[in-house]
Structures are given as structure tokens and as C-alpha cells.
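Asker: here you go, sequence then predicted model.
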Amino acid sequence: HADRPDWAGQATGSGAAARRMWSRQPRASVLLPTGRAFDALEVPESAGFLALARMERMDLTLGPVTCTPDRRMLFFVLPGAAAKISELVRAIGWNAEAIDLTGRGEGHYIAAPPTRVGGRGAVQWARKPTTVNRWLPDVDELVSPLAYACAREAADARARAS
């Protein structure tokens, strides 16, 4: 579990080992360490669905995407994205923090389906991992539509508040 100091060392890349662990504790959370095989770009759910629809229309290569019960979406991308996201967003004219676009990389983790989050519900796939989307996109490919959707959502939120 990620609240243990040695959680990263407990992670396994073995499907067989994960199945054994889960067979012993079938209600356990599935936590995936970021920064190894993938990073994740985290955005508000409304911006995420807007960006996802736009990226599909643009025929961009997409990896898996999750939705969390706290109304967030995580887009799986190649490792290294978390370190680059702020600068990439700044280069196209926005501040990543101000538009609520963040990266999860080395030293972090994400909850994967079907992990339950308290009484709020379970993490779900918006785009399941398949053989078609097993090749993850680079952050450069997704940053523009994600930043646009997040900036639009942030502007709409400010307009509703005033």
C-alpha cells in the first residue's frame, strides 16, 4: 500500500505475482507506480472528456485513461511527462497549475480500476488498455488538446463564480 515508506519496492511488474497478491486480498486496491513504464496526466473530469473527444476526432494515438470518483481523469503517457508538463503548457501560453493540469511521475502512483475510493465509488476505465492502445503517446502529442480543455474549463468555472 502506498502509505508504507517502502511501497515502491513492493510493486511488481509480474502479472502472476499481482494475481497471487490479489487472490489473497481480492478487495485490495490496485496501485500503479508512475515514472517507470508510464506517467499520467491528471485533469478535471469535464476537461478530460472534452479533450478525449477532441483527441479521438483528431485521430491521435491514445493510451489508457481512467476516471476517478473524485471527478478526475488520468491519461497514461510515456515516462518523463511529469517533469516536462509545466514547461510544455507554458510554451503554449498557459500556466499548468492555474488550469489544473498536472503530471504524475517518479515517486507517485495512481489507483487503477477496480479500486474503490472510500464510499465514493470505484476508479473506472474511460479507455481500457488494449492491444490497440498499448503504445503510449508522448506528452507532446496530448498537451495541446488537454491544455485547451483545461483552460476552457477553468475560464468557465471563473465565469460561474462571478
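Answerer: It's in. This one's a predicted model, so the numbers in the text were calculated from it and none came from an experiment.

Asker: you'd agree L31 is up against Y109?
Answerer: Yes. Contact criterion C-beta atoms under 8 Å: L31 and Y109 qualify, at 4.7 Å. C-beta coordinates here come from the backbone N, C-alpha and C atoms, glycine included.

Asker: residue ranges of the helices in the chain, please?
Answerer: With DSSP state H as the criterion, the chain has helices at 7-10, 15-24, 45-57, 81-91, 139-161.

Asker: now mean neighbour count too, for these, in JSON lines please.
Answerer: Formatted as JSON lines, the helices of the chain follow (neighbours: other C-beta atoms under 10 Å):
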{"stretch": "helix 7-10", "mean neighbour count": "12"}
{"stretch": "helix 15-24", "mean neighbour count": "10"}
{"stretch": "helix 45-57", "mean neighbour count": "18"}
{"stretch": "helix 81-91", "mean neighbour count": "18"}
{"stretch": "helix 139-161", "mean neighbour count": "17"}
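
Asker: so which of these is nearest R120?
Answerer: Within the helices of the chain, the stretch nearest R120 is helix 45-57; the backing value is 12.9 Å (C-beta to C-beta).

Asker: sorry, back to before: looking at L31 and Y109, which one has more neighbours?
Answerer: Between L31 and Y109, Y109 has the larger neighbour count (other C-beta atoms under 10 Å), namely 19 against 16.

Asker: surely the more buried one meets P33?
Answerer: Yes. Using C-beta under 8 Å, Y109 is in contact with P33, at 5.0 Å.

Asker: rank the helices of the chain by pLDDT, which is bottom?
Answerer: Among those, helix 7-10 has the lowest mean pLDDT, at a mean of 66.

Asker: run through the bridge partners of the spatially most central residue of the chain.
Answerer: Nearest to the geometric centre of the chain sits L74, at 1.9 Å (C-alpha atoms, centre = their mean). In this entry, L74 is beta-bridged to E42, T66, by DSSP bridges.
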